[in-house]
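Q: Fold the stuff below for me.
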Amino acid sequence: MGAHAHHHEESFISKYVFSHDHKMISKQFLVTAIVMGIVAVMLSVFFRLQLGWPGESFAILETFLGKWAPDGVLDRNAYLALVTIHGTIMVFFVLTGGLSGTFSNLLIPLQIGARDMASGFLNMLSYWFFFFSSVIMILSLFVEGGAASGGWTVYPPLSALPQAMPGSGMGMTLWLISMVLFVVSSLLGGLNYVVTVINLRTKGMSMTRLPLTIWAFMVTAILGVLSFPVLVSAVVLLLMDRTMGTAFYLSDIFIGGEALDVTGGSPILYQHLFWFLGHPEVYIVLLPALGISSEVIATNARKPIFGYKAMVGSILGIGFLSFIVWGHHMFVTGMNPFLGSVFVFTTLLIAIPSAVKAFNYITTLWQGNIRFTPAMLFSIGLVSTFVTGGLTGIILADSALDVNVHDTYFVVAHFHIVMGMSAIFGMLAGIYHWFPKMFGRMMNTKLGYAHFWVTLISGYGVFFPMHFVGIAGAPRRYYEYSNFDFLDSVMDLQPIISTFAIVGAIGQLFFLFNFFYSIFYGQKAVQNPWKSNTLEWTTPVQHVHGNWEGPLPEVHRWAYDYSNPAHEDDFVPQTTPALAGEEIH
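A: A predicted model of the protein is given here:
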């Protein structure tokens, strides 16, 4: 077998298309997510043009949107479709598929010392379900009535009645089909990740020696496996309401003065099912980014991560608590106030493990010998956005305070900072940090710095002013606000927000050029460019099938032995045996 393996030449199809190799599959996920991200960012620029300068004509809108922007003015229904697809792509296709799909695939086998995933075939299927799900979501933009227009949460009755509005027709059906395929992809991937971490760790790699990245990916996968099926049930019931005349979510509906023959359903039921996925989903997006930051911050501060066991405990605590807080999305649905107070309590409780992580990052940075690589800057940026966005979460967690700002721009600002910016920063940190491992070349550092500062400043420039627009009472998802005199004072902020959004979108060109140019022409990487301890840096720069050419490495210590006084170098790889009399973690 060994001799045969060396002479086995893979065809183009088996190597690049239907690959079973986790390293190739991670690249497939990453490139697909980048393409989806470009689409989502463009959509956000289109609707920000309308919000910043309502009713004005922009030639770029007519160029890209055609009949959805007659004479360059965005159509009202098209506005809702753009907002919906932007949110859906960012939450699911970029920050769930892109983040977990890329880094769980790349790092789990490499960091635990495995030849590959438990099942390469399931892994391949996971990517292709994700790919077809992405294709269907993009295609839904081109159907006659327009894409789904119910917001990314697709609440009924807008989503349950095909005749409710143009975007409730074929576009909504495609959205629902796309999401079911997406969940299939997540489940195949998630089960694979969990089994791999539990069963395929190399000799000496106990659970307490795992890098924090692996803990984060594993808990993320468990959250996905437990919560995504609930979304499928919500979607299946919604499809039945749309096509089979059932009334799970519909009751006492009037359209055009005509009463529909449906009674007994409850749109609130859908909200419960959706947010039972939707809140764990927030942490499915966040935890991998936090895990990546733990690794990048410890490596570039040249210090052991502060409070390893507390960090593992906080990942597990966040994972558990994320299942019992979904009601905070529903404080204004007529929920029993006592039940509301229970959700207030559990939501405030989840701030504790989140704060543990924030303080431990700051303590790891404290008096470290810091190297400001682009990956390190993005990880520090994540700590900033995680804290800033988390503070507004405390306001939204309180049912009495939430009533005032629910469904306003305040909510949009909160979750874009705490979830959007944090997760994007974690993902970018991971790309800059593991690019040499993925492609065998280095990304350009100066372009990385430019990318970071433009992204950070424009990100805060967009979402910080939004808090004030929300406190003034501006509801989210409105096409324009000119009829509301009481909002005149804060509407001056809208052009500023839109300008920052456009600058931020253009700033991503630094990254796109750097990424695709460096794949082919970047400086060639050495085996361990960051002088890091984890196992993936013991593999050859040129990818080999099975990751290690010889026997699998044996692990003798934890992943964070930086600046250990017992050793000459300021890093001690996990494969280094203990010195005489040395205490091993």
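Q: For A301, which non-adjacent residue is closest in space?
A: Once flanking residues are discounted, A301 sits nearest to G368: 3.1 Å by CB to CB, 6 or more residues apart in numbering. Any C-beta I mention is one placed from the backbone N, CA and C, and that applies to glycine too.
Q: and what of N528?
A: Among residues not flanking N528 along the chain, W537 sits closest, at 4.0 Å (CB to CB, 6+ apart).
Q: And for that neighbour, the neighbour number?
A: Neighbours of W537 under the rule other CB atoms under 10 Å: 23.
Q: do I198 as well
A: Using other CB under 10 Å, I198 has 12 neighbouring residues.
Q: How much space separates it from H556?
A: Counting by CB to CB, to the nearest Å, the gap from I198 to H556 is 21 Å.
Q: does the nearest residue to F248 once chain neighbours are set aside sit in a helix, a strand or a coil?
A: Closest residue to F248 apart from its sequence neighbours, by CB to CB, 6+ apart: L237 at 4.3 Å. Secondary structure, DSSP: H, G, I helix; E, B strand; the rest coil: L237 is helix.
Q: Poorly predicted segments of the protein, please.
A: The chain contains residues with pLDDT under 70 at 1-9.
Q: picking that back up, surely the residue nearest to N528 touches A525?
A: No - W537 lies out of contact with A525 (CB atoms under 8 Å); the separation is 10.3 Å.
Q: For L231, the count of nearby residues, please.
A: There are 22 residues near L231, going by other CB under 10 Å.
Q: can you tell me the helix or strand for it?
A: Per DSSP states H and E, L231 falls inside helix 212-243.
Q: and that helix, which residues are buried?
A: 212-228, 230-232, 234-235, 237-239, 241-242 (16 or more other CB atoms under 10 Å).
Q: can you give me how far that helix is from the chain middle?
A: Taking CA atoms, centre = their mean, to the nearest Å, one finds the center of helix 212-243 at 14 Å from the center of the full chain.
Q: For the residue nearest to N528, give me its contacts.
A: By CB atoms under 8 Å, 6 or more residues apart in numbering, the contact set of W537 is 437, 527-528, 530, 573.
Q: which of those residues tops the neighbour count?
A: Neighbour max across the contacts of W537 (other CB under 10 Å) = K437, 23 neighbours.
Q: can you confirm the residue nearest to A301 is in a strand?
A: No - secondary structure of G368 (three-state DSSP): coil, not part of a strand.
Q: burial measure for it, as a count.
A: Using other CB under 10 Å, G368 is surrounded by 17 other residues.
Q: How about I268?
A: 15.
Q: Tell me where the stretch 451-585 of the chain has helices.
A: Ranges of helices in the stretch 451-585 of the chain, per DSSP state H, counting those that start in this stretch, are 488-491, 493-521.
Q: Pick the most buried one from the ones you listed.
A: helix 493-521 (a mean of 17; mean count of other CB atoms under 10 Å).
Q: just how off-centre is that one within its chain?
A: What separates the centre of helix 493-521 from the centre of its chain is 18 Å, taken as CA atoms, centre = their mean.
Q: now swap in stretch 522-536 and tell me
A: With CA atoms, centre = their mean, you get 25 Å for stretch 522-536.
Q: Pull out the buried positions in that stretch.
A: Of the residues in stretch 522-536, those buried (16+ other CB under 10 Å) are 522, 525, 528-536.
Q: how many neighbours does the closest residue to A148 other than its chain neighbours have?
A: Leaving aside its chain neighbours, A148 sits nearest to W175 (3.8 Å; criterion: CB to CB, 6+ apart). By other CB under 10 Å, 24 other residues sit near W175.
Q: and W175, what is it in contact with?
A: Counting by CB under 8 Å, 6+ apart, W175 makes contact with 84, 88, 137, 140, 147-148, 154.
Q: hmm, back to that, packing partners for the helix holding L231?
A: Using 3 or more CB pairs under 8 Å, 6 or more residues apart in numbering; DSSP states H and E, the elements in contact with helix 212-243 are helix 99-112, helix 170-199, helix 267-301, helix 308-321.
Q: who touches the residue nearest to the spatial centre of the chain in this structure?
A: Geometric centre of the chain, nearest residue: L95, 2.0 Å, by CA atoms, centre = their mean. Counting by CB under 8 Å, 6+ apart, L95 touches 285, 419-420, 423-424, 427.
Q: and if we set it to 6 Å?
A: By CB atoms under 6 Å, 6 or more residues apart in numbering, the contact set of L95 is 285, 423.
Q: And I584, by the same measure?
A: Going by CB under 6 Å, 6+ apart, I584 touches 557, 578.
Q: Look up phi and psi at A259.
A: Dihedral angles of A259 (phi, psi; degrees, to the nearest 10) stand at phi -80, psi 130.
Q: Neighbours of it, how many?
A: Neighbours of A259 using other CB under 10 Å come to 10.
Q: ok, now how distant is it from L238?
A: Distance of A259 to L238, given as CB to CB: 21 Å.
Q: Ok, P553 next?
A: 49 Å.
Q: Ok, K309 next?
A: On the measure of CB to CB, K309 and L238 end up 43 Å apart.
Q: so where do the helices sit in the stretch 1-150 of the chain?
A: Under DSSP H, counting those that start in this stretch, the stretch 1-150 of the chain gives helices at 2-7, 12, 22-52, 59-65, 76-88, 99-112, 120-139.
Q: For P166, which of the ones you listed is the nearest?
A: helix 76-88 (4.9 Å; CB to CB).
Q: end-to-end on stretch 148-165?
A: 10 Å (CA to CA, to the nearest Å).
Q: Apologies, that question was intended for stretch 551-560.
A: 23 Å.
Q: next one: it to chain centre, how far?
A: Distance of stretch 551-560 from its chain centroid, counting by CA atoms, centre = their mean, is 30 Å.
Q: in it, what's buried?
A: Buried, per 16+ other CB under 10 Å, within stretch 551-560: 552-553, 555-560.
Q: Mind putting these into TSV with distance to L158?
A: As requested, the buried residues of stretch 551-560 are exported to TSV (distance: CB to CB, whole Å):
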residue	distance to L158
L552	54
P553	54
V555	53
H556	58
R557	56
W558	51
A559	48
Y560	49
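Q: Return the member of those residues nearest to F121.
A: Of the buried residues of stretch 551-560, the one sitting nearest to F121 (CB to CB) turns out to be L552, at 21.6 Å.
Q: got the phi/psi numbers for the closest one?
A: Dihedral angles (degrees, to the nearest 10) for L552: phi -70, psi 150.
Q: Quick check: chain neighbours aside, which residue is closest to it?
A: Excluding the flanking residues, the one nearest L552 by CB to CB, 6+ apart is T202, at 4.8 Å.
Q: just M330 next, same as before
A: Q271 (5.5 Å).
Q: ditto for F182
A: S133 (4.1 Å).
Q: Surely the one you found is in contact with S178?
A: Yes - at 4.9 Å, S133 counts as touching S178 under the criterion of CB atoms under 6 Å.
Q: List the buried residues for stretch 129-146?
A: For stretch 129-146, burial by neighbour count (16+ other CB under 10 Å) applies to 129-134, 136-138, 140-141, 143, 145-146.
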